[in-house]
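[1] need the 3D shape of this:
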Amino acid sequence: LEGFPSRRSRRIRRAEKRRKVCFIACCCTWLTIMRGLWGTSADDGRSRNRNQGRGGENSNKTESDIEMRPIITSQSCTRIDILNKAAEKAKIRGERENSQPLTQLQKEKILLKMNYKLLLLTGVWQYVHSVATNVAYYLHVQRPPLTDLGFELLPALTKKTQVISEVMFFICLFSTIGYALSPLIYPRRNLYFTLMFSRFAAILVLAQTLRIVCFLVTTLPGPNYHCRPNSPDYSPPKTLWDIFGRQDAFFGCGDLVFSSHTIFVLLCALVWHKYCPFKWVRRVVWTLVFIFGILVVAARKHYSLDIMVAWYTVPLLWAAYDHYFPDKLPLDFEPFPELPVKYRLERRQGGKGFDD
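    Numbering: from 1, shown residues only. The predicted structure follows:
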């Protein structure tokens, strides 16, 4: 009938409406998660103030009751037993008060002994992830890119300007590494490089495991320029040596869902969010994360789906890991061990010491 849209055009319009609704729903989900994470620091501050207000209730505890508390940590049961036995012997002999305080490097060494297995697993898992991406490149078939709302809204960057997203990636990565190494130069309260890096590594292994499963069960056509049909730069692995020996994190095809670069950038932002005390720094970092996602889609390195899935998967993994494996330090890790015992006792009871 004239004047009425055809069945094909109606299907196309319905498909466009569904894509827009899904895009808006994903954005709302990500904003809800980020709002919950941003509210965590404020909730921690309020709970800390309430605990300080209740400090008078614990004033009846003696020094011996506090000193005999067991040393707890969630990382290594063997190390817990060793530290508990050492603390008990020091208490019996009266050597605890006269012992020299642990330096920052000594504390980092203890934490490294607790977490070295996790760090070794992370190193091995990077190789496993690299082999999996080569397998995805081997299975990839050159086809035109899929329809993507981000591709329609954002202008495509050229091959020369694609480097902007890589520059943004390395800025986020190296700034986070510098902040994580800063306690070795300028020690701060309950801030340790090994602790931050161990949490980063644990979430990285979990996220990369999910990513390997996702891009191996479903192969999507690569939207990048070197993955498209008739591209002269398309060179998938052809032998077992190429699959197990090639290391290329920037020019692969097929390993799309979800974005590996976005995993690293989100983990850097979550490290800043958890361990940085300045709210404005955290907001700047999250703004950079959002800009990085837009640049990756504009560079046609990933679909919008890959960025969206990473935006809500990695923070959820971080929140779950933080819930089940919170940061717990040995009791010997006093923030300021050079203070006299009576001031440390006041600080533990909720009173004010020199560091307050």
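[2] am I right that residue 134 is in contact with residue 243?
    Yes. Residue 134 is in contact with residue 243 according to Cβ atoms under 8 Å; the separation is 4.5 Å. Where you see a C-beta, it was placed from the backbone N, CA and C, and this is true even at glycine.
[3] what about the protein, any weak spots by pLDDT?
    By pLDDT under 70, the low-scoring segments of the chain are 1-8, 31, 33-100, 331-332, 334-356.
[4] so which helix or strand takes in the most centrally placed residue in it?
    The C-alpha lying nearest the average C-alpha coordinate of the chain belongs to residue 267 (Cα atoms, centre = their mean; 2.3 Å). Following DSSP states H and E, the helix or strand that holds residue 267 is helix 260-275.
[5] still on that earlier bit, SS state for the closest residue in space to the residue nearest to the centre of the chain that isn't next to it in sequence?
    Leaving out its chain neighbours, the residue that sits closest to residue 267 by Cβ to Cβ, 6 or more residues apart in numbering is residue 200, at 5.4 Å. Using DSSP: H, G, I helix; E, B strand; the rest coil, the structure places residue 200 in helix.
[6] ok, now how distant is residue 200 from residue 275?
    From residue 200 over to residue 275 the distance is 10 Å, taken as Cβ to Cβ, to the nearest Å.
[7] and the angle for the helix or strand in which residue 208 is found with helix 260-275?
    In the assignment (DSSP H and E), residue 208 maps to helix 193-217. Put simply, helix 193-217 runs at 150 degrees to helix 260-275, going by axes from the mean of the first three to the mean of the last three Cα atoms, to 10 degrees.
[8] so what does the next helix or strand after helix 193-217 touch, helix or strand wise?
    Toward the C-terminus, helix 193-217 is succeeded by helix 240-245 as the next helix or strand (DSSP H and E). Applying 3 or more Cβ pairs under 8 Å, 6 or more residues apart in numbering; DSSP states H and E, we find helix 240-245 packed against helix 104-139.
[9] could you give the angle of the helix it packs on to helix 193-217?
    With the same axes, to 10 degrees defining the directions, helix 104-139 sits at 10 degrees from helix 193-217.
[10] now do the buried residues in helix 104-139.
    Using 16 or more other Cβ atoms under 10 Å as the test for burial, helix 104-139 gives 104, 107-108, 110-111, 114-115, 118, 122, 125, 129-137.
[11] same for that helix, what does it pack against?
    If you count contacts as 3+ Cβ pairs under 8 Å, 6+ apart, helix 104-139 packs onto helix 77-93, helix 163-185, helix 193-217, helix 240-245.
[12] how far away is residue 212 from residue 165?
    22 Å.
[13] more neighbours: which of those two?
    Comparing residue 212 with residue 165 by other Cβ atoms under 10 Å, the one with more neighbours is residue 165, at 22 against 19.
[14] leaving out sequence neighbours, find the closest residue to the more buried one.
    Nearest residue to residue 165 in three dimensions, chain neighbours excluded: residue 295, at 4.1 Å (Cβ to Cβ, 6+ apart).
[15] what sits against the one you found?
    Each residue near residue 295 by Cβ atoms under 8 Å, 6 or more residues apart in numbering is listed here: 157, 164-165, 168.
[16] make a markdown table from the residues you listed and add distance to residue 30 to it.
    Below are those laid out as a markdown table (distance: Cβ to Cβ, whole Å):
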| residue | distance to residue 30 |
| --- | --- |
| 157 | 23 |
| 164 | 22 |
| 165 | 19 |
| 168 | 18 |
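[17] so how do I select the buried members of those in PyMOL?
    Buried residues among those (16+ other Cβ under 10 Å), as a PyMOL selection:
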select buried, resi 157+165+168
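[18] identify, from the contacts of residue 295, the entry nearest to residue 216.
    Distance to residue 216, by Cβ to Cβ, is smallest for residue 165 among the contacts of residue 295, at 24.5 Å.
[19] distance check, that closest one against residue 121.
    29 Å.
[20] before we move on, the earlier item: report the angle between the helix holding residue 267 and helix 163-185.
    Interaxial angle, helix 260-275 versus helix 163-185 (the same axes, to 10 degrees): 30 degrees.
[21] moving C-terminal of helix 260-275, what's the next helix or strand?
    With elements assigned by DSSP H and E, the helix or strand that comes after helix 260-275 is helix 279-298.
[22] next, the buried residues of that following helix.
    Neighbour-count burial for helix 279-298 flags 282, 285-286, 288-289, 292-293, 295-298 (criterion: 16+ other Cβ under 10 Å).
[23] which of those sits closest to residue 152?
    The nearest one, if we look at the buried residues of helix 279-298 relative to residue 152 and count by Cβ to Cβ, is residue 297, at 10.6 Å.
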